[in-house]
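Visitor: Turn this into a structure:
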Amino acid sequence: MSELPLSAMNEAALQAAPATKARGYWATVGRRILRDKVSMACALVLLLIFLSALLAPWLGLEDPYKGSMIRRLRHIATPGYPLGTDELGRDMLARLIYGGRLSLVIGILPVILAFGIGTSLGIIAGYVGGRLNTAIMRTVDVFYAFPSVLLAIAISGALGAGILNSIVALTIVFVPQITRVAESVTTGVRNMDFVEAARASGAGPFTIMRVHILGNVLGAIFVYATSLISVSMILAAGLSFLGLGTKPPEPEWGLMLNTLRTAIYVNPWVAALPGAMIFAVSICFNLLSDGLRSAMDIRN
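Guide: This is a model prediction of the structure:
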């Protein structure tokens, strides 16, 4: 008789207890990456660079195209020119900020395009298999036979110098790499129970790839794609340095390195500024990609 009130009290307490909602996967990933101080510091640096490039016309900067031979190669911390001037007397601060627009577009847009194309090809090849898989992956292997730098230079040289041609060349370089990763992860999940259940329920191949497979492989492909942004930034700067990318007098970090190389013995600190920007953006994207990979690894 004494046990009845106790059990009734326990049942009432359980019913009165508030239900706790389980945290989703992406919410857990977000919480873990927010706790990563290195990733957050890199994200803050990238955000500042993005905002400064986006809001450049409203920052009250000097005209990045206006030069003067009288004030050429001024040193850093010169009054009126905090980062000095280049070989034609143009304000380096303005050219670095405005140059971030072209450098970021040429560095990030090819990865975005390659992500969409490579993910689609890889999922189709991994799920369908057979001759279609062989045709797609053997074509990818042809591009793998060439180093990324030489392939980008060859394609840009064939298409000609220009921003659009640089974006096309870098996109072609990165599509095979993302396709390979997408095909690999898709092959690993295509025979899992939830895919078999979708087939048994009558779902078509396109529905299975779009609804069931894409959500389970997108994370791994996305993390790999973010790690390619740093490579794309360096390749884009290299193409401009070689004269295969942006044309003068446009401000772009790789092109600025090319034009300032003759001034490295006269004013080395000013000549090194575009390279410092390329290094900072590349290393921040690398560290942010590593942090995202660690945050998405829920097994650890």
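Visitor: Distance check, Gly24 against Gly30.
Guide: Distance of Gly24 to Gly30, computed by CB to CB, to the nearest Å: 9 Å. C-betas here are computed from N, CA, C, even on glycine.
Visitor: Which of those two has more residues huddled nearby?
Guide: Gly30 (13 against 9; other CB atoms under 10 Å).
Visitor: residues in contact with that one?
Guide: Shown in contact with Gly30 (CB atoms under 8 Å, 6 or more residues apart in numbering): Ala295.
Visitor: pretty sure Val173 is touching Ala154, no?
Guide: No. When contacts are counted by CB atoms under 8 Å, Val173 is not listed as touching Ala154 (10.0 Å).
Visitor: Among the two, which residue is more densely surrounded?
Guide: Val173 (26 against 14).
Visitor: Could you pull up the contacting residues of that one?
Guide: For Val173, the residues meeting the contact criterion (CB under 8 Å, 6+ apart) are 110, 114, 143, 148, 151-152, 155, 235.
Visitor: Would you reformat those as CSV and include neighbour count, pLDDT and secondary structure?
Guide: Formatted as CSV, the contacts of Val173 follow (neighbours: other CB atoms under 10 Å; pLDDT from 0 to 100; DSSP: H, G, I helix; E, B strand; the rest coil):
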residue, neighbour count, pLDDT, secondary structure
Pro110, 26, 96, helix
Ala114, 23, 96, helix
Phe143, 17, 89, helix
Ser148, 19, 90, helix
Leu151, 19, 92, helix
Ala152, 26, 93, helix
Ile155, 20, 93, helix
Leu235, 27, 94, helix
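Visitor: okay if I get the residues you listed as TSV plus distance to Gly130?
Guide: Below are the contacts of Val173 laid out as TSV (distance: CB to CB, whole Å):
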residue	distance to Gly130
Pro110	30
Ala114	25
Phe143	22
Ser148	29
Leu151	28
Ala152	32
Ile155	30
Leu235	34
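Visitor: Name the nearest of the residues you listed relative to Gly67.
Guide: Here the nearest of the contacts of Val173 to Gly67, counting by CB to CB, is Leu235; it sits at 28.6 Å.
Visitor: Which residue lies closest in space to that closest one, excluding its sequence neighbours?
Guide: Spatial nearest neighbour of Leu235, excluding adjacent residues (CB to CB, 6 or more residues apart in numbering): Ala152 at 5.3 Å.
Visitor: what about the stretch 201-300 of the chain, any weak spots by pLDDT?
Guide: Applying pLDDT under 70 to the stretch 201-300 of the chain flags the ranges 298-300.
Visitor: would Val195 count as being in a helix?
Guide: Yes. Assessed with DSSP: H, G, I helix; E, B strand; the rest coil, Val195 lies in a helix.
Visitor: Could I get the full set of helices for the stretch 151-300 of the chain?
Guide: 163-189, 193-200, 205-207, 214-241, 253-260, 268-296 (DSSP state H, counting those that start in this stretch).
Visitor: Name the stretch among these that sits most buried.
Guide: Burial of these is given as mean neighbour count (mean count of other CB atoms under 10 Å); helix 253-260 ranks first at a mean of 24.
Visitor: which residues touch that helix?
Guide: 86-87, 95-96, 99-100, 103, 236-243, 245-248, 270-271, 273-275, 277-278.
Visitor: try stretch 235-242
Guide: 103, 106-107, 110, 148-149, 152-153, 156, 166, 169-170, 173, 245-246, 252-255, 257-258, 274, 278.
Visitor: Restricting to C-alpha, output it in CSV.
Guide: Included here for stretch 235-242 are C-alpha records, laid out as CSV according to Å, rounded to 0.1, in the frame of the first residue of the first chain:
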residue,chain,number,x,y,z
LEU,A,235,46.3,29.7,-58.6
ALA,A,236,44.3,32.8,-59.5
ALA,A,237,47.1,35.1,-58.3
GLY,A,238,49.6,33.0,-60.2
LEU,A,239,47.7,33.4,-63.4
SER,A,240,47.5,37.1,-63.0
PHE,A,241,51.2,37.2,-62.1
LEU,A,242,52.0,35.5,-65.4
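Visitor: Phe146 and Ala154 touch, don't they?
Guide: Yes. Contact criterion CB under 8 Å: Phe146 and Ala154 qualify, at 7.4 Å.
Visitor: that older thread, including distance to Ser68, could the helices of the stretch 151-300 of the chain go into TSV?
Guide: TSV is the format used below for these (distance: least, CB to CB, whole Å):
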stretch	distance to Ser68
helix 163-189	27
helix 193-200	66
helix 205-207	61
helix 214-241	24
helix 253-260	16
helix 268-296	15
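Visitor: Out of those, the one nearest Leu46 is which?
Guide: Going by CB to CB, the one of the helices of the stretch 151-300 of the chain nearest Leu46 is helix 268-296, 5.2 Å.
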